[in-house]
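Visitor: Build me a model from this:
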Amino acid sequence: MGAGEQGAAHTEGRWQVTMRTLSFVLNGGDVLLMKRGAHKRIFPNRYNGVGGHVERGEDVLTSARREITEETGLHVHHLRLCAVYNIDAGEQTGIALFVFVAESDVRDVTANEEGTLHWVAPERIAALDVVDDVRDVLPRVLAMRVGDPTLYYHVGYDAADRMVLRLAAL
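Guide: So this is what the prediction gives:
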């Protein structure tokens, strides 16, 4: 099958997505979170995992590993996909988000311009200003074991522009 047979050029009236990865790195029972910089357009001053856009020519696993290394300096192991989101923010282009969990043997991280990195005990996360969906997805992915089924989320927004998170039934 040639590239032209994929139908990628036929986008009239179709919803399209931007692909992103989000990763939560574990060490000694703590999870690495980034407090995003005040200057960031997306989620300024809020805590989230690490990640970013999937680059052209990358698969999502390679993207997750690259983003972790770029944003933390860590080389992780046991990187596994735990959740997939489709995010509809009311635009022609939505977001496909692939959520990973990984492990690190070390805690020494490299500073970056995206924000500040913090190792946080899971029980302390409730006191942080985290991105809205983190309170739901993080406990679920931290409880997952190898072989558990992937979680599937749909994210939309209500009339008051509040996030509406829906977990698909398996």
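
Visitor: does residue 139 sit in a helix or strand, and which one?
Guide: helix 134-143 (DSSP states H and E).

Visitor: ok, and for that helix, which residues are buried?
Guide: Buried residues in helix 134-143, counted by 16 or more other CB atoms under 10 Å: 134, 137-138, 141. Quick note: C-beta positions are derived from backbone N, CA and C, even for glycine.

Visitor: Next: stretch 152-169.
Guide: 153, 155.

Visitor: could you measure residue 142 against residue 166, distance?
Guide: Note on residue 142: its distance to residue 166, by CB to CB, to the nearest Å, is 20 Å.

Visitor: Tell me the one of the buried residues of helix 134-143 nearest residue 162?
Guide: residue 134 (15.2 Å; CB to CB).

Visitor: so what pLDDT did the closest one get?
Guide: pLDDT recorded at residue 134 is 93.

Visitor: ok, the residue lying closest to it once chain neighbours are set aside - how many residues close by?
Guide: Of all residues not flanking residue 134 in the chain, residue 48 sits nearest, at 6.2 Å (CB to CB, 6 or more residues apart in numbering). Residue 48 has 19 neighbours, counted by other CB atoms under 10 Å.

Visitor: For residue 118, give me its contacts.
Guide: Contacts for residue 118 were tallied using CB atoms under 8 Å, 6 or more residues apart in numbering; they are 32-35, 47.

Visitor: ok, now residue 104?
Guide: Taking CB under 8 Å, 6+ apart as the test, what residue 104 contacts is 25-27, 32, 74-77.
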